[in-house]
Each structure stands twice: as C-alpha cells, then as structure tokens.
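Visitor: coordinates only, sequence not included:
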C-alpha cells in the first residue's frame, strides 16, 4: 500500500479504500495514488464501478506496517488501518474480521537507541499498533553482510508463516450475505430486480411451452 496519502483525504474515503484493498477488490500492482485521485473526483462509487468483484486470492490476511525510526509515528494512518483490519464487530460491521498487524521500524541504524525520545517513539509505535514487541515487531537496518539477529529471523518467521487466518473466513456464508446486505442496502434492490426478471422469464417460458403444447394437441385432434 505504498503511496497512500492521508493529508488531503477524508478518513471515511481512506477506510473505504483500505477495505477494498484488504478484501481483494483491487488488482495487484494498482497505483494507490491513482485510486485516491478517482475517489477525489468521482467519489468511492467510481472505484466500485472499476472493480465490482471480489477476488479471494487477493485478500490480505496479514499487514506489515512500516515506519521510520527517524520520523514521528503516523498515528492517524495507524488508527485507520486498525479500524479496517480489526473492526469491533458492532452493528456497523456484522462481519468482524481480525487481521494480524506487524510493525517494522526502518532506519534503526540512523538513530541512537539510548536517546529517550527515540525509545518513546518506539513505545508509541507499539502502543498505536497494539502489538507485542517480541512477537510482532522488529527493527530493521541495512546489513551488507546479510547476517541478521535471532530476533529479526524470529520476526520474519512469524510474519511469513501461513498459520494465521482472519475471522472473516470463518464466518458462515449466510452471515456474510447478511452482512453484505446490511452494509450495502442497494444489494436488496439488485436482488428484487433479479427476482422479478427471473419470474418474468419463467412466466414467458411457461407461456411459450403452454402455447406449443396446445398447438401440438390441436394438430393431433385434427389428425
């Protein structure tokens, strides 16, 4: 999700965009700034018209949040990501999901970790993400030798292990359907329209069959 802009975009638009990315609506290698430009000019509906279908293989089941050790913690963006990845399961979201979040602090070789301000920045980063320092966090620095500490390797093992599924996949299909209808009431209109169309086509087919059967019966009586 590199390139996500937060300064000139409202929170609700960011949440909708992140939700589409996480749930697999946005194809791979799509420009995030370009999507935000579409949102700004055409609204979120403009993106839905471009990407109306969900692709299960593109769903995200883990999130790695990368921040720089030399810059302030991006609290606003972290809050938005957490609301989308780990919603509270209230009436606004009948399909609660819980996507694990991992944190990575880059440029750790450019700061003095004995500096109280730098230490506080790391604590703020962990608190904002709501993650454990040992299991879900690591510092990262460029290492020309390619050798990394045990802590970094443990972090990579947890990050890349395919042993985590988010709650959304474990919800029954009826619940998913109810949640979709609740979140997008327009689906009810689509369902009613399709039902009416189906009934109409069924009635037309039945009438044609009945007409054909009557014609055959008439021909037999004449013979």
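Guide: Thanks, I have the structure now. A quick note: this is a predicted structure, and the numbers were derived from the prediction, not measured. Numbers count the residues shown, from 1 in each chain.
Visitor: Please make it C-alpha for all contacts and neighbour counts, starting now.
Guide: Will do.
Visitor: domain assignment for the chain?
Guide: The record, using automatic domain parsing to delimit domains, assigns the chain the ranges 11-171, 185-222.
Visitor: among those, which gets the worst mean confidence?
Guide: Ranked on mean pLDDT, the bottom entry among the domains of the chain is domain 185-222, at a mean of 75.
Visitor: show me where this protein has helices.
Guide: With helices called from DSSP state H, the chain shows them at 11-22, 32-42, 44-50, 75-85, 116-129, 150-160, 173-183, 186-222.
Visitor: list the buried ones in the third one?
Guide: So that's helix 44-50. 44, 47 (16 or more other C-alpha atoms under 10 Å).
Visitor: With the second one instead?
Guide: Along helix 32-42, these residues count as buried under the neighbour rule (16+ other C-alpha under 10 Å): 32, 35-36, 38-39.
Visitor: and what of the fourth one?
Guide: Of the residues in helix 75-85, 77, 80-82, 84-85 count as buried by neighbour count, 16+ other C-alpha under 10 Å.
Visitor: From residue 29, how far out is the nearest residue to residue 61 once chain neighbours are set aside?
Guide: In space, and not counting its chain neighbours, residue 61 is closest to residue 99: 5.6 Å by C-alpha to C-alpha, 6 or more residues apart in numbering. Here the distance between residue 99 and residue 29 works out to 21 Å (C-alpha to C-alpha, to the nearest Å).
Visitor: Next: residue 161.
Guide: When residue 161 is compared with residue 29 (using C-alpha to C-alpha), they lie 23 Å apart.
Visitor: cool, residue 190 as well?
Guide: Summarising the geometry, the distance separating residue 190 from residue 29, computed by C-alpha to C-alpha, is 31 Å.
Visitor: Which of the two has more residues huddled nearby?
Guide: Under the criterion of other C-alpha atoms under 10 Å, the comparison of residue 190 against residue 29 puts residue 190 first, with 11 against 7.
Visitor: Distance check, residue 203 against residue 189.
Guide: Where residue 189 is concerned, residue 203 sits at a distance of 21 Å (C-alpha to C-alpha).
Visitor: one step back: can the buried residues of helix 75-85 go into TSV with extra columns for distance to residue 114?
Guide: Formatted as TSV, the buried residues of helix 75-85 follow (distance: C-alpha to C-alpha, whole Å):
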residue	distance to residue 114
77	27
80	31
81	30
82	29
84	35
85	33
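Visitor: Can you tell me which of the residues you listed is nearest residue 113?
Guide: For these, the residue nearest residue 113 by C-alpha to C-alpha is residue 77; the value is 24.4 Å.
Visitor: Pick out the most distant pair among the buried residues of helix 75-85.
Guide: Using C-alpha to C-alpha, the buried residues of helix 75-85 reach their maximum pairwise distance at 77 and 85, which is 12.1 Å.
Visitor: Tell me which of the domains of the chain is the most buried.
Guide: Using mean count of other C-alpha atoms under 10 Å, the stretch among the domains of the chain with the greatest mean number of neighbours is domain 11-171 (a mean of 15).
Visitor: export the buried residues of helix 32-42 to CSV and tack on distance to residue 20?
Guide: Written out in CSV, the entries for those read as follows (distance: C-alpha to C-alpha, whole Å):
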residue, distance to residue 20
32, 11
35, 11
36, 12
38, 14
39, 12
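Visitor: Which single one of those is nearest to residue 110?
Guide: Nearest to residue 110 among the buried residues of helix 32-42: residue 32, at 28.8 Å, using C-alpha to C-alpha.
Visitor: do you know how far that closest one is from residue 124?
Guide: Between residue 32 and residue 124 the distance is 27 Å, computed by C-alpha to C-alpha.
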